[in-house]
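*Asks:* fold the stuff below for me.
(2 chains)
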Amino acid sequence: NAGVTQTPKFRVLKTGQSMTLLCAQDMNHEYMYWYRQDPGMGLRLIHYSVGEGTTAKGEVPDGYNVSRLKKQNFLLGLESAAPSQTSVYFCASGQIYGYTFGSGTRLTVV
Amino acid sequence: AQSVSQHNHHVILSEAASLELGCNYSYGGTVNLFWYVQYPGQHLQLLLKYFSGDPLVKGIKGFEAEFIKSKFSFNLRKPSVQWSDTAEYFCAVRGNNDMRFGAGTRLTVKP
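*Replies:* All right, here's what the predicted structure looks like:
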């Protein structure tokens, strides 16, 4: 099925560890996004990309880095995880007519 | 950048009751407006969207929304809710290249 695939689905990190979340889409979308979802705060945009090789900051970019080396992939990196980064992370891709979301990655930082 | 406010945090209704969820946005330019639904344990799914034309838009599962430009609002409505509508609902505004979401409204429908 066409769509957005996120890996991994679950992860537990210790404070200070690093990790990379992968988002892959097979719909040839130019735009890709990383959001975090926290209770009572909705989805907040971390970083986004409007095409291969481009990235831009969203609402809450601190502590995260991203890369879009290939059009179909958008990577989200945490260089030194902190407990405040415990969240559910959603990737989305799309054009102006709406986005398709991945199933999310639940990250716990202890 | 655009911002979105959803004033109802948690709404509890009985089946067959009518629903209206409020959404207000702030943005100076042309916006595209969306409502997404998230069922428990699932990712977001698009309910409906507005880009231009008729300000009353119809979406899936009997939902509709009305864009009132003068009020910067895009409220979601459904005449008669079902137990299966229990979910979290997010209003979103797209301006420029990104989409911003409201904090969400949790809807609980009692059978």
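*Asks:* C-alpha from now on. contacts and neighbour counts both.
*Replies:* OK.
*Asks:* what about A:Gly102, distance to chain B?
*Replies:* According to C-alpha to the nearest C-alpha, to the nearest Å, A:Gly102 stands 7 Å off from chain B.
*Asks:* how many residues are close by residue 79?
*Replies:* Reading this off chain A. Residues near A:Glu79, counting by other C-alpha atoms under 10 Å in any protein chain shown, number 14.
*Asks:* chain B was what I was after
*Replies:* If we define neighbours as other C-alpha under 10 Å, then B:Pro79 has 12 of them.
*Asks:* next one: the one 3 residues further on
*Replies:* B:Gln82 sits with 17 neighbouring residues when counted by other C-alpha under 10 Å.
*Asks:* pLDDT weak spots in chain A?
*Replies:* A:1-2 (pLDDT under 70).
*Asks:* please, where are all the strands along it?
*Replies:* Counting by DSSP state E, chain A has strands at residues A:4-7, A:10-13, A:19-25, A:31-38, A:42-49, A:56-57, A:65-67, A:73-78, A:87-95, A:98-101, A:105-109.
*Asks:* in JSON lines, list these along with mean neighbour count.
*Replies:* Listed next are the strands of chain A as JSON lines, based on neighbours: other C-alpha atoms under 10 Å in any protein chain shown:
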{"stretch": "strand A:4-7", "mean neighbour count": "20"}
{"stretch": "strand A:10-13", "mean neighbour count": "14"}
{"stretch": "strand A:19-25", "mean neighbour count": "19"}
{"stretch": "strand A:31-38", "mean neighbour count": "23"}
{"stretch": "strand A:42-49", "mean neighbour count": "23"}
{"stretch": "strand A:56-57", "mean neighbour count": "16"}
{"stretch": "strand A:65-67", "mean neighbour count": "20"}
{"stretch": "strand A:73-78", "mean neighbour count": "20"}
{"stretch": "strand A:87-95", "mean neighbour count": "23"}
{"stretch": "strand A:98-101", "mean neighbour count": "22"}
{"stretch": "strand A:105-109", "mean neighbour count": "18"}
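*Asks:* distance to B:Ala103 added to the ones you listed, as TSV?
*Replies:* What follows is those, written out as TSV (distance: least, C-alpha to C-alpha, whole Å):
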stretch	distance to B:Ala103
strand A:4-7	23
strand A:10-13	23
strand A:19-25	24
strand A:31-38	9
strand A:42-49	4
strand A:56-57	20
strand A:65-67	24
strand A:73-78	23
strand A:87-95	14
strand A:98-101	17
strand A:105-109	19
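*Asks:* for B:Phe63, which of these is the nearest?
*Replies:* Smallest distance to B:Phe63 across the strands of chain A (C-alpha to C-alpha): 16.8 Å, for strand A:98-101.
*Asks:* nearest residue to the single nearest residue of chain B relative to chain A other than its sequence neighbours?
*Replies:* With C-alpha to the nearest C-alpha, the shortest gap between chain B and chain A falls at B:Ala103, namely 3.7 Å. Closest residue in space to B:Ala103, ignoring its immediate chain neighbours: A:Gly42 at 3.7 Å, by C-alpha to C-alpha, 6 or more residues apart in numbering or on different chains.
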